[in-house]
Structures are given as C-alpha cells and as structure tokens.
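S.K.: With the sequence up front, the predicted model follows.
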Amino acid sequence: MNMALKPVTTHPSPLAPLVDFLQRHAPFNRMATTDLEFLSKRLKLGFYAKGEAVTSPTDGPSNRFYIIKQGRIRGELGKEGPDEEGAWELVTGECFPIGALLSRRPVRTVNRAVEDSFCYELDRGDFDKLFEISPVFQDFCTRRLASLLDSALRGVQASSATRVSEDSPLNAPLRSLLARPPITCAPDTPLGEALAVMDREHIGSLVVVDGEQRPLGVFTLHDVLSRVALPRAGHDMPMAELMTPDPHSVPPEARAYEAALLMAQHGFSHICVVEGGRLVGVVSERDLFSLQRIGLVSLSRSISRAEDIATLKVLGQRTHRLVDQMLAQGASVEQLGQIITTLNDSIAQRVISLVMSDLGKPPVNFTWLAFGSEGRGEQTLKTDQDNGILFFAPPGKTANETRQALLPFARRVNAELAEVGFPLCPGNIMAGNPDCCLSLDEWRDRFDRWIDQGTPEHLLNASIYFDFRPLYGEPGSCAELRHWVLARIAANPRFLRQMTENALRNRPPLGWMGDIVVGDEGLDLKVHGTTPFVDAARLIALSGRIGETNTVARLKAAAASGVVREPEAEAWCHAYQFLTLLRMRNHQQQAHEGLPLSNFIDPDRLDELDRRILKEAFRQARKLQSFIALEYQL
Amino acid sequence: MNWLRRILGRPPVDEGLKARLRAWRQGPPLSLDTPFDQASFVLVDVESTGLDPSRDSLLAIGAVPLADRHILAGDGFEKILWGEKSGPRDTILIHGITPTAVASGEPPQQVLMDFLEYCGKRPLVAYHASFDEAMLGRALGFQLGTALPNHWLDLAWIGPALFPELGFRRKPLDVWLDHFNLHAYVRHRALADCLVTGELMLILLHRAKKMGLRTVGDLISLERMEKQHSHGGHGGI
C-alpha cells in the first residue's frame, strides 16, 4: 500500500485543485460549498514575471479580482517607484484590490510582482455576483475594505489550536507562541511511520532531530507530494533521505514579526525554535499569519541602534512612509496602531538613551510616562507630545531637590523629541514642566484633587493624564499609581457621574432621521467621531477597575469581565476603528496635497460604502452613550 | 484480450455520435497567424495502463484551456474511461486510478466525443506530446473512427528552444517544474498535470513574447526548428 497516493474511488472533480487551494485561505474556507464552486468555475490563472505590474492606477476602473496563488505582490505608492524599505507585500492566499472593485475606481497603487507570481483572477461581473450571493464573501470584503476587523487574525483564531492572542504585540517573543512540545522523529525513522505520526497528530511538519534534540531537517506535507508521491518512495525509506536538511532556526527570544519576516523572505512555512542548540518548538506560518506581512523589522532595528538625533529624525520619516503604504493597502487599524506605537515608543526610548549618554544618567530612579493618545497607544501620524516623569526621591533628598536634578534632562528630551518630529505640547503637558515631573506622592495628591473636586478643568486633565503608561524606566511604580487611581475612583461615584456628564457632551452627529448632520466646517472625526468612544471606554475602565489604557483593549476587557455584553463591545470596537481609519486616511490625503492636517471631512466626498459605515459607526456611538448614561445614572 | 477485441472489430458508432462528429469536423479551423496572446489552446494529458501506445489502453483524459495567456482553471476536463482493467499494479501507483475507478468510468465513446467537442479545433499542448497524441489517436480511431487533425505543441521542444541557457533539452517535465518552482496539485493525475504544464506554458509564452515571437505559427516553427537542430546536432534521436 502506498499511503501517499490516495486512490481515486469516485469520479475526480475537475475543480478539486482549485477548491482545495481556496479552502486553505480566508475567507474562502468559510464560504458555502455552492459559492465556492461558483467561484472556482470562473477563476483564470495568470502569470506575472518578476517586476511586471499586475494592476496600475492608469488601467482605468479596476475590472479584476486577484487571489495570489504563488509568489509575492508589492503595492507601490505614487511615482516613487520601487522602495526597498517596508513596502507592503501580499503573499499566497491574499486578495486585491477589493476597495477599487467595490467603489468602481482605479487602484491607488501599482501592484507589482516581486518575484515570478501566479494569480487566480475573477472578472468584475463575477466578483459582483459572488459579492451578491455569498454572505461570507460580502462580509469579508466590507470588513476588509473598512478594515473594521483583521479577518486574517480572526481566521487564525477560529481554526488554529495554537491560538495567538489578539492582543499579542508585534514583538511578542516566540516562546510565548509555542503551544505544544515539538513533534520529532529520528533520521532513521521510516517514511511510513513518520506519515502515521503526522496524520495522528494533525501536523503539517515533522522535525528530524538527533539524539541530542538538535534539528537535522524538516519534513513537511508539501514534501510528501514532491518527494514521496512523485518518485514513489517506499515506506521503508528513512527520513534522512527525504527531509530538507539544515533547517532555519531562531532563538525563542526572537520576536514574532522577525520570524514572520524570515518566513516571507525565504518562503518557509515552518521555523524551528532552537535554544542552546536544542529544538524547543516549531512556529508555523499559521501561528504568525496576522504578522506575516509586517516589513518593519529593519526599521525598528535601525531605530534602536541610531547613533544620533539626526538619524532618528530620518527614521521617523520612514515610519511615516511605512504607515502610508500600509494604509494604502488596507491594513487594519489595530495593526497600524500597534506599529505606530511600537515605532514611536522605540524612537522615544532611543531619544532618552541618547540624552542620557550625552548628559549622564540622572542620579534618580525615574519612570518616563506617556499620557493622552500616546498613553493609549492610539497615535496617528501627527501627535503632540504628552509626557511626564514619576520619580522616587533618593534618601536624604526632598522631592523638590530631586525634581530640580531631573528637569534639565527632561527638558532636553522634550526638545530632542520635538526635533525628531513630535511637536511640543501647547498645553505644556511635558516632563520638563515641574507640574509633570512628580514623585509618587505628589502625583497621588494631584490626582486626588481632581477626583475630589471634579471641576471642568480637572475632568479635562483626567481625560489626558489617566491614560498614563510607562514608556521608559521601571514600570512597577507606575502600576502602583494606577492601582491607587482605580481604587480611589471606584470609591467615588460622584466623580464617575461627572465624567459621564463630560463624556456625553460630544453627541454623535446624527439627525432625527438617522442622517449625518454636518456643520459649516465639515465633520470633525475626532471630536464627534472617535472622542465619544475614547471617553466612554475610559469611564468604563476606570469604574470597572480595568488597568488597560487602549480604547479597544478597555472595551474588550470590559466584555471579558462581564461589564458590557460581548457583541456590543465588538461592534463598538469596529466602529471606533473605522472612524480612526477614516481619520488616518484623511490625514494621509491632506499630507499628499500639502495641506495642514485636520480632522474635518466632507461626508459627501466619501464613497457610498464608507458613508454607510460612517452612519453605522455614529449609531454605535449613540448606543454606547445610552449605555453609559444608564449605567452611571444620568 | 485487448488484441482480440481489436481484431474482432470496433464498437459501432451510433447516429447521435455521428451527428456530433460531423458538427465537430465543421468547426472553424485555427489560423496560424493568430497572435498567441489572443489564441486559445488546450492543454492535454492522458493516463494509460502503460507507456506503449500500441498496446496499452487509455484510462483517463485531462484537459484545460489556456486563452489570452490565462489558464481557464475552472473549466477543466477530467474523465475516466470505462474499462475492464486498470493495468498493472505498479502503474496504478503512479496514476492512482484503481480498478474500482475504471469500472465506474464513463463509456469510452462518450468520453472521447466529449473531449473532441471540448477541444474543437484549438491547438493541443502537452509535454512529450507525441505520447498523448499517439494514445488519443489510437483510441479515437478505434472508438469513433476518426483522426485528430488539431495542431500539437510540445513543450518538451519549445521549452529548450526558448530557454537554451538552462540546458534542459531531453529533460523530464519535473526538471522544469523544479527550476521554476511550480507545484502540481497531485502529480500523475491527468488534470493536475495539465494545470501545472499550463503554468510552465505561461512562463514560456512570456519568454516567447520577449523574444519577439508573435503567432501560433511562430511557436510551431520554433518547435520544428528545435527538432531539426537537435537531430542535426546529435545525430538524431
């Protein structure tokens, strides 16, 4: 018997190769069989040689939908031409250009084959039909277009036993992703036995190790086809002759996105995680799917190694370009937020290190705090500084003496951050301001006053400062401060009510008939769009003793602890993310046209789909406000 | 038993089949001046009980069209011919068509007629086309009393002519697949082989275009020249 060749017992379906391919990729793997068949029957396969443009803005309105079968396609913005750094790449199983097809416009980017590539293609008429008949496909396109949700991530979570936490940061160490001990075999294991193990364990790869657990090679399902079925290898053939020798390995401290990048670069689907020469696990492409495309590894490395402020300034601009490209390709707000936050954090941390090596390390233990949008990890490209310092006065020194020792250092950091591209805060919420450079006791006193008195100014401060997050230095004292704030607020219902009142001041711009009401200047996406969500999420977190600072994380934590219902939290997150996306796209467009960045948009300039989702987002804001009004008794 | 059946005569061709054959013969022929960018081809691969076209019998036909430099992947053709045997055990391991599958196949006349209508007069393409041509020719002659007038393109010749620098002359298909990193869904299954051969053809057409070739006729001439060159240079095959 030859296990590798499954004998055909019925008539083969001519669509089997297509259906099988589609079923390995989202969203097709969730589509109804009849819809999948409809799609399969209409697919054509095209070839694009390395360097060839697949679609281009000059082609006129987009008339084909592409699913990458093999190879890599890179989106290039504008006339800049090929860009080696951080360009946005699509790989096997991914689709484009959904936005252009749905809005019947030309693509915004040139999509170019990075290597010889094959794409399955669907004519626009059939694309429209599929959109009409398949709810799964429609859902996918709508969400993908609005980037309301990272469908890739959802796909992984639904189908993979090795669950990647949705909050897993880009720089999660691989160790945290290793869900099970690696399944291995010896070089002399016969093929038949190896296949049986793979079948029993439901795994796509097997690592061949020696007696010391040192990886010698990898054998994957793909090899079954090419090396077993094809040359008709016997079942007694040893793995040593069938494996791919010298597998690529990474240490468990390596970051998730580094592994993802390595896979994308070399076309591996599995990477061995090796510690001290011994195999400790295997990370597969599926485990990293959501991170697979991130091209920021070199950027973040350059930042942490930058030698001076001038270099950081250049790298800061490259961050903008990376975000620009990701935005153009429809990255999710969650991914963009994580990337901007990760990069901005590393820039700030590097600035602090550089100032310390120049001025000498301050003789005090301190924690650099981020407030406002930076504290929430929700910066867009243009964000002012909002920061402060939490310090411990050394024995024998007063808080004031300590502060005086820290202020020159803090002011220098503020100035260098401004130089790098984070403008100074007009409200002077910066570590170089004596009011923002405080000991733990002083911070408590200051916060206590706000919670106690709750004047409008206090409430405004609370909405900035209470989103604090440690950015540099020892995070323990920061946790202590948060714990104190949460306990203090929970015991003060009056302050919660005042915050609720404050949060309800910005009403979503919906008229009686559910239409969007626009002021003279246009629609302010921040004040009327995202702020109601941010304020409500803060309120829910502070009252529920939730330590998160990010709006989406706060809402999710609230759902997890039962404060709000899960489907509602999810809808609110989507709505908030969509509004953020619109804001970022608006900024991007203004930057391209050389206009000053603002949060105003003209809803009439949005396409039909965006306008529909915008309306829905405002409806969700209204629901969220009714919820907090009810919950905190207004 | 096979030789006996062959001598004892062909199966009768009924009126319905005869009408379909007439209609097929009257289909418009292909002009060799058609640019290959716009032409429509059919990739063909057959599975058989062995490698000798004069003795072994046809088990399955796979085909898929390639038009406007795209494989119409969703429009594939794959049929198993009804028969009494599936050939020796070792070839079953290659093509995966078991005795059960053969027993549940469709009547050969039906499959072949469907295949003719599917192809029309389009040029047929295969790797080592002479084998597929011979197997199909004999089966068509026996079952339907017709020959196959379509042009054939053999990628085993056209490939080396377009990529002489690779030195792949007389190499098996797998060498090409490896080189261009192409993967069959399953090897040695008629339609899957057609699909992956089609991918190779897309690459070859891209190259042909870059080299200034234009029409279907150009490709046919290229193949002829490569054969002559090969015969001359190596004293014939």
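M.R.: Looks like it came in fine. All figures in this text were calculated on a predicted structure; none of them were measured in a lab. Residues are numbered from 1 along each chain as shown, chains lettered A, B, ... in the order given.
S.K.: Please list the residues of chain B that sit near chain A.
M.R.: B:69-80, B:92-94, B:96-98, B:100-101, B:104-105, B:174, B:180-181, B:183-189, B:191-192, B:195, B:198-199, B:202-203, B:206 (C-beta under 8 Å from any C-beta of the partner chain). C-beta here means a position set from N, CA and C on the backbone, and glycine is covered the same way.
S.K.: Now, of the residues you listed, which are buried?
M.R.: With burial judged by 16 or more other C-beta atoms under 10 Å in any protein chain shown, the buried subset of those is B:69-80, B:92-94, B:96-97, B:101, B:105, B:174, B:180, B:183-189, B:191-192, B:195, B:198-199, B:202-203, B:206.
S.K.: Count the residues that sit near B:A23.
M.R.: Residues lying near B:A23 (other C-beta atoms under 10 Å in any protein chain shown) number 11.
S.K.: confidence score at it?
M.R.: Looking at B:A23, its pLDDT is 95.
S.K.: Tell me which helix or strand it sits in.
M.R.: Remark: B:A23 resides in helix B:15-25, with elements defined by DSSP states H and E.
S.K.: Just list what that helix packs against, helices and strands only.
M.R.: Counting contacts by 3 or more C-beta pairs under 8 Å, 6 or more residues apart in numbering or on different chains; DSSP states H and E, helix B:15-25 is packed against helix B:108-119.
S.K.: how much does the helix it packs on deviate in direction from helix B:15-25?
M.R.: Per axes from the mean of the first three to the mean of the last three C-alpha atoms, to 10 degrees, the angle that helix B:108-119 makes with helix B:15-25 is 20 degrees.
S.K.: other SSEs contacting helix B:108-119?
M.R.: Using 3+ C-beta pairs under 8 Å, 6+ apart, helix B:108-119 sits against helix B:15-25, strand B:40-48, strand B:58-67, strand B:77-80, helix B:129-144.
S.K.: could I get those as JSON lines with distance to A:N111?
M.R.: Shown next, in JSON lines, are these (distance: least, C-beta to C-beta, whole Å):
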{"stretch": "helix B:15-25", "distance to A:N111": "42"}
{"stretch": "strand B:40-48", "distance to A:N111": "27"}
{"stretch": "strand B:58-67", "distance to A:N111": "23"}
{"stretch": "strand B:77-80", "distance to A:N111": "32"}
{"stretch": "helix B:129-144", "distance to A:N111": "35"}
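S.K.: Between these, which one is closest to A:Q620.
M.R.: Proximity to A:Q620 (C-beta to C-beta) singles out strand B:58-67 among the helices and strands packed on helix B:108-119, at 47.7 Å.
S.K.: Which positions in stretch A:127-143 come out as buried?
M.R.: Going by 16+ other C-beta under 10 Å, stretch A:127-143 has these buried residues: A:F127, A:K129, A:L130, A:F131, A:S134, A:V136, A:F137, A:F140, A:C141, A:T142, A:R143.
S.K.: Quick check: which element contains the second one?
M.R.: Of the helices and strands defined by DSSP H and E, A:K129 is found in helix A:124-133.
S.K.: helices and strands around that helix, which ones?
M.R.: Counting by 3+ C-beta pairs under 8 Å, 6+ apart, helix A:124-133 packs on helix A:33-42, strand A:64-70, helix A:98-102, helix A:135-146.
S.K.: which residue is nearest the middle of chain B?
M.R.: The centroid of chain B falls nearest to B:V44 when counting by C-alpha atoms, centre = their mean (2.9 Å).
S.K.: got the contact list for that one?
M.R.: With contact taken as C-beta atoms under 8 Å, 6 or more residues apart in numbering or on different chains, B:V44 is in contact with B:I61, B:G62, B:A63, B:C119, B:L124, B:V125, B:A126, B:A129, B:D132, B:L136, B:C194.
S.K.: again, but for B:L43
M.R.: Contacts for B:L43 (C-beta under 8 Å, 6+ apart) come out as B:63-66, B:71, B:124-126, B:194-195, B:197-198, B:201.
S.K.: One more pass at 7 Å, please.
M.R.: Counting by C-beta atoms under 7 Å, 6 or more residues apart in numbering or on different chains, B:L43 touches B:A63, B:V64, B:L66, B:V125, B:A126, B:C194, B:T197, B:G198, B:M201.
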